[in-house]
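> only geometry, no sequence info:
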């Protein structure tokens with residue numbers, strides 16, 4: 001007898017964000033201000049933002065970078081210095097740990113997220129002195145060699161998930177640092193990744209039987 005079984009439908013998807021230009025690396029305060037502070041999507045972001053952000057390490061595969069970015073989103077949406085400070089302290093702790101722990105892919109996946117988080121809280125205005133420290137660290141991290149290659153070199157050699165993660169970190173870091181030449185070079189490489197062989201052909205492929 002299945003008459004007593006109740007099927008609970010999942011919540012409907014949230015509406016798409018309003019149209020408009022995004023002034024930040026990921027989003028602007030104006031765009032985020034139009035988004036709700038209730039519902040399952042907000043609850044998930046807020047829960048991540050409220051989690052412990054200590055102990056971050058660039059070369060570790062966990063969700064510290066995502067949770068730090070979530071705190072940045074909440075800070076921007078609520079215009080909250082409490083969450084801005086939480087992101088700043090997350091970055092401070094991250095910078096105190098080694099850049100590389102023997103896992104290049106972890107670094108490639110995560111670096112860009114921290115640049116986006118710093119942009120979301122407008123770190124350069126919130127804490128200009130610490131922002132200068134973060135910029136120095138970010139520049140060193142993007143240039144740091146991991147198994148012989150830095151972020152840009154992985155982006156230009158690997159046409160797979162390694163290269164695409166590296167591309168996000170390369171571009172986000174360059175945008176945060178105001179390195180327009182690096183952004184333009186990355187865009188040139190992406191043209192080749194999308195199939196424009198007249199733009200870029202420097203990728204090294206592995207098994208290509210497929």
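Now that the structure is in, tell me what you want to look at. What you see is a predicted model; the values in this text were computed from it and never measured. Residues are numbered from 1 along each chain as shown.

> show me the residue sitting in the middle of the protein in space.
Geometric centre of the chain, nearest residue: residue 113, 1.9 Å, by Cα atoms, centre = their mean.

> so that residue, which of the three states?
When classified by DSSP: H, G, I helix; E, B strand; the rest coil, residue 113 comes out as helix.

> give me every residue that touches it.
Going by Cβ atoms under 8 Å, 6 or more residues apart in numbering, residue 113 touches 65-66, 68-69, 172. For every residue, glycine as well, the C-beta is placed using N, CA and C.

> ok, these vs residue 183, which is closest?
Nearest to residue 183 among these: residue 172, at 9.8 Å, using Cβ to Cβ.

> for the nearest residue to that closest one once chain neighbours are set aside, give me the pLDDT.
Nearest residue to residue 172, sequence neighbours excluded (Cβ to Cβ, 6 or more residues apart in numbering): residue 112, at 3.5 Å. Looking at residue 112, its pLDDT is 97.

> state the number of residues packed around residue 112.
Counted by other Cβ atoms under 10 Å, the residues lying close to residue 112 total 28.

> okay, it and residue 95: tell me how far apart.
16 Å (Cβ to Cβ, to the nearest Å).

> and residue 36, by the same measure?
33 Å.

> which residues of this structure score low on pLDDT?
Counting by pLDDT under 70, the ranges of the chain that qualify are 1-23.

> contact partners of the helix or strand where residue 136 lies?
In the assignment (DSSP states H and E), residue 136 maps to helix 128-143. By Cβ under 8 Å, 6+ apart, the residues outside helix 128-143 that reach it are 58, 88, 91-92, 95, 99, 107, 111, 114-115, 118, 123-124, 150-152, 169-170, 173-174, 176-177.

> alright, that wraps it up for me.
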